[in-house]
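1. the sequence isn't on hand, but the structure is:
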């Protein structure tokens, strides 16, 4: 798995390539991202084609996040099973999902619908884009499947 970090900040980009465990690179990359790059960042994750089981919709728990005007701004991913497709994409516990493949996420039902579309249309699993808030910073995760 390769993890590429790109910043919209002028004149700076950083690329990390995994030599060992992919999860360590993603975590290291995200930590580096916050230390050196700043808030407007895209993490590109390349990995094997996503595999989804019929029980994928029960492998996570999420709750709404509200802004100061009591409007739902996203869904807090407060529990994720270790074999969930959300982890394969690059999400982790405590991420706030705002947009998933172009669809605004304002309820668990919205998230379930997007995941169901991934399940029934395997060709849509090759490119997944998720806009999240991680540690109070906006982040975009772009997952690209590679052929094995």
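-> Yep, that arrived. This one's a predicted model, so the numbers in the text were calculated from it and none came from an experiment.

2. okay, CA-based contacts and neighbour counts for the rest of this
-> OK.

3. which residues of this protein fall in helices?
-> Here the chain has its helices, by DSSP state H, at 22-32, 85-89, 108-120.

4. grab the nearest non-local neighbour of residue 50.
-> residue 125 (6.0 Å; C-alpha to C-alpha, 6 or more residues apart in numbering).

5. got it, and residue 59?
-> residue 81 (5.2 Å).

6. now do that neighbour against residue 112, distance only.
-> Per C-alpha to C-alpha, to the nearest Å, residue 81 is found 15 Å from residue 112.

7. thinking again about what came up before, what count of nearby residues applies to the residue nearest to residue 59?
-> By other C-alpha atoms under 10 Å, 15 other residues sit near residue 81.

8. tell me what residue 74 is bridged to.
-> Beta-bridge pairing of residue 74 under DSSP bridges involves residue 65.

9. that one - how many residues pack around it?
-> For residue 74, the number of neighbouring residues by other C-alpha under 10 Å comes to 26.

10. correct me if wrong: it contacts residue 108.
-> No: Residue 74 sits out of contact with residue 108 when judged by C-alpha atoms under 8 Å, with a separation of 9.5 Å.

11. what residues do those two have in common as contacts?
-> residue 64 (C-alpha atoms under 8 Å, 6 or more residues apart in numbering).

12. show me what contacts residue 135?
-> residue 95.

13. how much space separates it from residue 92?
-> Where residue 92 is concerned, residue 135 sits at a distance of 11 Å (C-alpha to C-alpha).

14. same check on residue 98?
-> Distance of residue 98 to residue 92, computed by C-alpha to C-alpha: 14 Å.

15. which one of the two is surrounded by more residues?
-> Between residue 98 and residue 92, counted using other C-alpha under 10 Å, the more crowded position is residue 98 (23 against 18).

16. check contacts around that one.
-> By C-alpha under 8 Å, 6+ apart, residue 98 lies in contact with 73, 74, 75, 104, 105, 106, 130, 131, 132, 133.

17. what do you get if the cut-off is 6 Å, keeping everything else the same?
-> Contact analysis of residue 98 by C-alpha atoms under 6 Å, 6 or more residues apart in numbering lists 74, 104, 105, 131, 132.

18. residue 61 and residue 75 touch, don't they?
-> No: look at residue 61 against residue 75 with C-alpha atoms under 6 Å: they stay out of range, at 9.5 Å.
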